[in-house]
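J.: Sequence first, predicted model second:
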2 protein chains.
Amino acid sequence: MRILSDEVVKHVGKTIEIEGWLHKKRLMGGLAFINVRDRHGLVQVVVQDKDEVEKLRGQQIGTVLRVKGSVVEEPRAPGGAELHDPELTVLVSVTEEPPIEIDKPISHKSEHLDMLFEHRVLSLRNLQEQKVFKIRATMLRAIREYLTDHDFTEIQTPKLLGAAPEGGAEVFKLDYYGKEATLAQSPQLFKQIMVGVFERVFEIGQAYRAELSATTRHVAELTMLDIEMGFIENHDEILDLVGDMTATVLKRLYKEHAADLKSLNAPELKLSEDGKVPRLTVTEIHELYTKGTKTDTTQEKDLTPDEEKWICEYSRKQLGSDLVYVYEFPMETHKFYQKKNPDGQTVMSADLLFRGVEISTAPMRESDYATLVQQMKDCGVNPEDPSFKYYLQAFKFGLPAHGGCGFGLDRFLQKVVGFNNVKEATLFPRDINRLTP
Amino acid sequence: MRILSDEVVKHVGKTIEIEGWLHKKRLMGGLAFINVRDRHGLVQVVVQDKDEVEKLRGQQIGTVLRVKGSVVEEPRAPGGAELHDPELTVLVSVTEEPPIEIDKPISHKSEHLDMLFEHRVLSLRNLQEQKVFKIRATMLRAIREYLTDHDFTEIQTPKLLGAAPEGGAEVFKLDYYGKEATLAQSPQLFKQIMVGVFERVFEIGQAYRAELSATTRHVAELTMLDIEMGFIENHDEILDLVGDMTATVLKRLYKEHAADLKSLNAPELKLSEDGKVPRLTVTEIHELYTKGTKTDTTQEKDLTPDEEKWICEYSRKQLGSDLVYVYEFPMETHKFYQKKNPDGQTVMSADLLFRGVEISTAPMRESDYATLVQQMKDCGVNPEDPSFKYYLQAFKFGLPAHGGCGFGLDRFLQKVVGFNNVKEATLFPRDINRLTP
């Protein structure tokens, strides 16, 4: 029976069988030291027998092996034990040398990223890369568990749509049985419709943005978490929920993946002690920034990119929090489905910033049918457009006060790990230059 | 503070507040009996006061209400209690009568399905419809928990691809920054690549099939579960895992949603007592069917659609199982990535049938690089095609014996509930005739 790498140490003194990939091979004198990789890690094997060493001749990294050997305690080996006197069986022979060194991580410097992605099939076999996507799987699980515990129902809504809700050049278009269809940029309209059904819904799904430039912040196909909740009294309820969820998930990742995050050189996690995410208005940030940097932004409407980074550093240092909310956005940023503040000057929306980037936008929605129709007109969106027929029906026949958020999961993972580019947190990224692998 | 419907009965004798949608309204004499719907169900409210009854005048189903009233035990009311002496607040007024009756489920007869989907925004507010998608959410959760417990890593792979792996007319094509891209019909190639990384992976995601006809079995955008596992000894390991997972999920659904499934008239669940899914070869089924129906199919290669239905009934009645595996498929069904049986005559693949339809195909993959390349050529697929470059790299540099399954989740849910059409198990179905809502 196959024993997995992390269980080997429990069998000291016994003969066991392992299976995995040849991950590293060193020949010293007549000896071979090999590392065998399986889904839980590495096992070191010391090959002394001449015939066994011979079996490895010409076998390259990636060769699939079965190894029967006796377990010997060895504190310097991965997992604290190694196999001696092995009998090797080559299950799949690899005779060509791989184009990259799998046991050494490919550099994540921006000039090396294209090589990283071009060799993704093999570079993901590196243990450091694996950690990133193990953390990703835990992140998804933690989010789902949190939202399910808070009485949210998971939904899946279509990514094939008719006309794009907000138009724009950044929409992928396709031929749908002779008609034009588009790929969903977000499940915005559907999740609001579903508030009328389940009150609280979420979706984790793909979203498509035909971004016209390659940046460190964008991919063409991204994974979004969308949350929507009805029967809320005020905007605070959304911010509390999204903030608490994010902090809860972060704490879990930093607990369950403490060693992984450390070895990835992820930043230390800072969250405020009272469990709340600090909140600052756009105006307050302009003032703090102007004071702090001597660069006057008080005449700016929205935050500048540099302010986003600056306020995150401020929040980490001064407020002890990697998470910070920015709210009271100027009317210039207003989208038709967002509620305005009673002052008539600002939007009832907040951005959740994390380590220098916006990971989520969490607005209150306009739930009054007549006001919504007016806002559509004000935003140059035609409420008579057939694509809004079903959306508006949900409001006409009763939607309670509601709000929610769109949450970029690739970007969140990127910043958890401390990557510079969102693509590094995506298995097989898609952008204007890359449609493979 | 808002009390949810299923908690009302715990407050007998007290005054509480509820919020929800006006779901039903009956006027009798000067009295109004209303049902208020929230995310957990219904609350009955008896309105006696003239001024309060007046507030309901002209308010249609869907009106969003806050109701403050005293809780009185009433065994005939939903949840065993109702509200008396209420003070009503109209939060969102609905003055137009909805186009469908929300408290009565829309018929699921095939001639009514178009109406069901056209009014999906409102028809989903019906409690019977809600149950279907609550069961769906539990199904997703149960699958994820099972696979995570069995050491599988959840992945997300891109739906935007270059050339289609198997070509064909049933592929959606789109403009990708001036190049042609296609929408993934399955994550087949990616999940095999990922076996080289995590050994055991799964994905729950959307898949796209430009089906050229409208059938009860197909949608253009479907939700697929894809599983792939490496380091297996034989095909049985896949069938055992997929069979056990399906049975485990079914048992959980029938336990957690017993009342829902009963009220939806779902069939009673039958699973074999030893926990195993019975297995029959295609040849055995031809023989059983020929004997049982006096229609000779022994000269047929693949199963006929009628045989699929028939063998499911046979399995339920004779073998006590709603699940049945068919295996040893004829070479006519062979796809290049599937392993052949040693007999050279049949494919090492099995279909999992459930209540008359195939819900999953679970083959062993061909993991030998040279054999795979030969099989591609035999199947008329060009291994030199750039779209296979990365896929073949995974094999060239070592993939262990592996297999897995594609599993149609919409179809599975359809048959759990007992629907005739897969679209009924999809929130917002997409087919050749429908791209809305």
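T.: Arrived safely, thanks for sending.
J.: Say whether chain B is contacted by the helix or strand bottoming out on mean pLDDT in chain A.
T.: Of the helices and strands making up chain A, the lowest-confidence element is helix A:113-118, at a mean of 90, by mean pLDDT, DSSP states H and E. No: using C-beta under 8 Å from any C-beta of the partner chain, helix A:113-118 stays clear of chain B, with a minimum separation of 9.0 Å. In this view, the C-beta of every residue, glycine as well, is placed from N, C-alpha and C.
J.: which outside residues touch that helix?
T.: A:100, A:106-108, A:123, A:421, A:423-424, A:428-429, A:434, A:437 (C-beta atoms under 8 Å, 6 or more residues apart in numbering or on different chains).
J.: So which of the residues you listed is the closest to residue A:186?
T.: Using C-beta to C-beta, residue A:429 comes nearest to residue A:186 of the contacts of helix A:113-118, at 18.8 Å.
J.: thinking again about what came up before, for PyMOL, write a command that selects the buried ones of the contacts of helix A:113-118.
T.: In PyMOL, this line selects whichever of the contacts of helix A:113-118 come out buried by 16 or more other C-beta atoms under 10 Å in any protein chain shown:
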select buried, chain A and resi 100+106+108+123+421+423+424+428+429+434+437
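J.: Next, check the contacts of helix A:113-118 against the helices and list the overlap.
T.: Assignment to helices by DSSP state H places the following of these there: residue A:123.
J.: right, and out of the contacts of helix A:113-118, which lies closest to residue A:392?
T.: Distances from residue A:392 to the contacts of helix A:113-118, taken by C-beta to C-beta, are shortest for residue A:429, at 36.0 Å.
J.: ok, now which ones touch that closest one?
T.: With C-beta under 8 Å, 6+ apart, residue A:429 has these contacts: A:117, A:219, A:422-423.
J.: can you redo the contacts of helix A:113-118 as JSON lines with distance to residue A:339 and pLDDT?
T.: What follows is the contacts of helix A:113-118, written out as JSON lines (distance: C-beta to C-beta, whole Å; pLDDT from 0 to 100):
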{"residue": "A:100", "distance to residue A:339": "51", "pLDDT": "92"}
{"residue": "A:106", "distance to residue A:339": "46", "pLDDT": "85"}
{"residue": "A:107", "distance to residue A:339": "46", "pLDDT": "88"}
{"residue": "A:108", "distance to residue A:339": "40", "pLDDT": "88"}
{"residue": "A:123", "distance to residue A:339": "45", "pLDDT": "95"}
{"residue": "A:421", "distance to residue A:339": "34", "pLDDT": "94"}
{"residue": "A:423", "distance to residue A:339": "34", "pLDDT": "94"}
{"residue": "A:424", "distance to residue A:339": "36", "pLDDT": "95"}
{"residue": "A:428", "distance to residue A:339": "38", "pLDDT": "94"}
{"residue": "A:429", "distance to residue A:339": "34", "pLDDT": "93"}
{"residue": "A:434", "distance to residue A:339": "38", "pLDDT": "87"}
{"residue": "A:437", "distance to residue A:339": "43", "pLDDT": "85"}
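J.: Residue A:72: what's it in contact with?
T.: If you count contacts by C-beta under 8 Å, 6+ apart, then residue A:72 has A:12, A:81-84 around it.
J.: tell me the phi and psi of the residue lying closest to residue A:250 once chain neighbours are set aside?
T.: Spatial nearest neighbour of residue A:250, excluding adjacent residues (C-beta to C-beta, 6 or more residues apart in numbering or on different chains): residue A:269 at 5.9 Å. Per-residue torsions, residue A:269: phi -80, psi 130 (degrees, to the nearest 10).
J.: number of nearby residues for residue A:269?
T.: Around residue A:269 there are 17 other residues, counting by other C-beta atoms under 10 Å in any protein chain shown.
J.: thought it was touching residue A:257?
T.: No: if you go by C-beta atoms under 8 Å, residue A:269 and residue A:257 don't touch, sitting 11.1 Å apart.
J.: need the strands for the stretch 101-250 of chain A, in chain order.
T.: A:153-154, A:160-161, A:173-176, A:179-183, A:200-208, A:221-230 (DSSP state E, counting those that start in this stretch).
J.: Now the longest one: average pLDDT?
T.: Per-residue pLDDT over strand A:221-230 has a mean of 97.
J.: The third one now?
T.: In this model, strand A:173-176 has an average pLDDT of 92.
J.: Pull the residues that contact that strand.
T.: A:160, A:180-183, B:172-175, B:183, B:220, B:435.
J.: Let's see that with 6 Å instead.
T.: Among residues not part of strand A:173-176, those counted as contacts by C-beta atoms under 6 Å, 6 or more residues apart in numbering or on different chains are A:180-182, B:172, B:174.
J.: How about residues contacting the longest strand seen in chain A?
T.: Counting by DSSP state E, the longest strand found in chain A is strand A:15-28. With C-beta under 6 Å, 6+ apart as the test, strand A:15-28 has contacts from A:2-3, A:33-38, A:43, A:61-68, A:70-71, A:103, B:231, B:398.
J.: Which ones among the residues you listed lie within strands?
T.: Filtering these for strands - DSSP E - leaves A:33-38, A:43, A:64-68, A:70-71.
J.: List just the nearest of the residues you listed to chain B.
T.: residue A:64 (4.7 Å; C-beta to the nearest C-beta).
J.: How confident was the prediction at the closest residue to the closest one other than its chain neighbours?
T.: Excluding the flanking residues, the one nearest residue A:64 by C-beta to C-beta, 6+ apart is residue A:92, at 3.7 Å. Looking at residue A:92, its pLDDT reads 97.
J.: cool, and residue A:181?
T.: pLDDT recorded at residue A:181 is 93.
J.: Can you get me a residue count around it?
T.: Residues near residue A:181, counting by other C-beta under 10 Å, number 23.
J.: Over to residue A:57?
T.: Residue A:57, neighbours per other C-beta under 10 Å, totals 8.
J.: and it, that's in a helix?
T.: No: secondary structure of residue A:57 (DSSP: H, G, I helix; E, B strand; the rest coil): coil, not part of a helix.
J.: For it, which residues are in contact?
T.: Applying C-beta under 6 Å, 6+ apart, no residues contact residue A:57.
J.: any idea how far residue A:24 is from it?
T.: Relative to residue A:24, residue A:57 is positioned 16 Å away (C-beta to C-beta, to the nearest Å).
J.: Just the terminal-to-terminal distance for stretch A:200-217.
T.: 29 Å (C-alpha to C-alpha, to the nearest Å).
J.: Could you give the bridge partners of residue A:27?
T.: For residue A:27, the beta-bridge partners are residue A:32 (DSSP bridges).
J.: And the pLDDT at it?
T.: pLDDT at residue A:27 comes out at 88.
J.: Equivalent analysis for the one 3 residues further on, please.
T.: Looking at residue A:30, its pLDDT stands at 86.
J.: Same question for residue A:54.
T.: pLDDT, residue A:54: 94.
J.: and if you look at residue A:344?
T.: 88.
J.: Report the secondary structure state of it.
T.: With three-state DSSP as the criterion, residue A:344 was assigned coil.
J.: now swap in the one 5 residues further on and tell me
T.: On the three-state scheme (three-state DSSP), residue A:349 is labelled strand.
J.: Identify the residues contacting it.
T.: Counting by C-beta under 6 Å, 6+ apart, residue A:349 makes contact with A:329, A:338, A:363.
J.: confidence score at it?
T.: Reported pLDDT for residue A:349: 97.
J.: for the residue nearest to it when sequence neighbours are not counted, what are its contacts?
T.: With C-beta to C-beta, 6+ apart as the criterion, residue A:349 has its nearest non-adjacent residue at 3.4 Å, and that residue is residue A:363. Residues in contact with residue A:363 (C-beta under 6 Å, 6+ apart) are A:338, A:349, A:403.
J.: Output those as JSON lines; include the columns distance to residue A:144.
T.: Formatted as JSON lines, those follow (distance: C-beta to C-beta, whole Å):
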{"residue": "A:338", "distance to residue A:144": "26"}
{"residue": "A:349", "distance to residue A:144": "25"}
{"residue": "A:403", "distance to residue A:144": "20"}
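J.: which among those residues gets closest to residue B:134?
T.: residue A:403 (22.7 Å).
J.: any chance you could map the strands in the stretch 301-437 of chain A?
T.: Under DSSP E, counting those that start in this stretch, the stretch 301-437 of chain A gives strands at A:323-330, A:346-354, A:357-363, A:402-408.
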